[in-house]
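# just the structure for this:
(chains A, B, C and D)
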2 protein chains.
Amino acid sequence: MNIGTVAKRSGVPAKTIRYYESVGLIRPAERGDNGYRTYSETDVETLRFIQRARSLGFSVADVGNLLALWHDRGRASADVKALAQRHVIEIDRKVEELLAIKRTLLMLMNHCHGDQRPDCPILDTLAG
Amino acid sequence: MNIGTVAKRSGVPAKTIRYYESVGLIRPAERGDNGYRTYSETDVETLRFIQRARSLGFSVADVGNLLALWHDRGRASADVKALAQRHVIEIDRKVEELLAIKRTLLMLMNHCHGDQRPDCPILDTLAG
DNA sequence: CCTTGACCTTCCAGTTGCTGGAAGGACCAT
DNA sequence: ATGGTCCTTCCAGCAACTGGAAGGTCAAGG
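Predicted structure coming up:
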């Protein structure tokens, strides 16, 4: 299979597959006589795994860890769960940060007429 | 005032001030005979404004828009409010995205023993 | 046989918002 | 004179791609 086929079947763009190879997330693909990268079914599976993990917001580094755990038949599920747990904590942190900002913005917007007049508590607050 | 002093007084690191200048968020500072950038009280105010806007998550581009509105005495507060509104919508989008991911992760974690055994629904799901 | 178009290759640059570091000049106190 | 702290510029790197240029390959159609 060439990279385009794998891209279509895994949902990971060809460019991104090359990128993953360049940063060591996947090992370098075999090459045909023409220099084209050649892939197997297993590679498609791996890329799908990566795709799903990335869409859950895991960093490329963490996806690397997940891949290692996946391939390690002697892994402890506790290690996987702990990784997920850390990720959830990080998500909570981000959500809290965003909500705090949102609260502030809504408060400011509440005090702003939002019409043609120039006076605006939002700008006033930013100005201090 | 030299850049270090302004940095301290505005809370914006010297490096970041130079960066803001390089991307056109603030206009190039006057230079002294020694080539050092020279700043006024007004510049400190501006940098504080920028600092607050950035800490509310506005992009540098949007901070540029906010600065322009701030300096425009004929502005309509509606424009400021609309900009804030767009930002809130974007925040909502991000929060929703994060919460959706979190829900998925918690569900997966719920099904995972998290002990020394290797079988792990988290990995199974990622593998498809 | 030739051309066209869709592949593939590599490498460089841009995105966002800084941040670190190197190399060199300036200033101030002792 | 010397040390320490400022300032200058430019280059590189972070995350995770994405776009584009320049060029090689391949398969189908006229």
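
# what parts of chain A come near DNA strand C?
A:2, A:3, A:4, A:5, A:7, A:14, A:18, A:29, A:35, A:36, A:37 (CB under 7 Å from any atom of the strand). Placement of C-beta: from N, CA and C, glycine included.

# okay, those residues in a markdown table with secondary structure, neighbour count and pLDDT next?
Below are the residues of chain A next to DNA strand C laid out as a markdown table (DSSP: H, G, I helix; E, B strand; the rest coil; neighbours: other CB atoms under 10 Å in any protein chain shown; pLDDT from 0 to 100):
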| residue | secondary structure | neighbour count | pLDDT |
| --- | --- | --- | --- |
| A:2 | coil | 14 | 97 |
| A:3 | helix | 20 | 98 |
| A:4 | helix | 13 | 97 |
| A:5 | helix | 12 | 97 |
| A:7 | helix | 20 | 97 |
| A:14 | helix | 15 | 97 |
| A:18 | helix | 15 | 97 |
| A:29 | coil | 19 | 97 |
| A:35 | coil | 6 | 95 |
| A:36 | coil | 14 | 97 |
| A:37 | strand | 19 | 98 |
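
# okay, those in CSV with distance to residue A:118 next?
CSV is the format used below for these (distance: CB to CB, whole Å):
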residue, distance to residue A:118
A:2, 60
A:3, 56
A:4, 56
A:5, 59
A:7, 52
A:14, 52
A:18, 52
A:29, 60
A:35, 63
A:36, 62
A:37, 60
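
# tell me which two in the residues you listed are the farthest apart.
Within those, two members stand farthest from each other by CB to CB: A:7 and A:35, at 17.5 Å.
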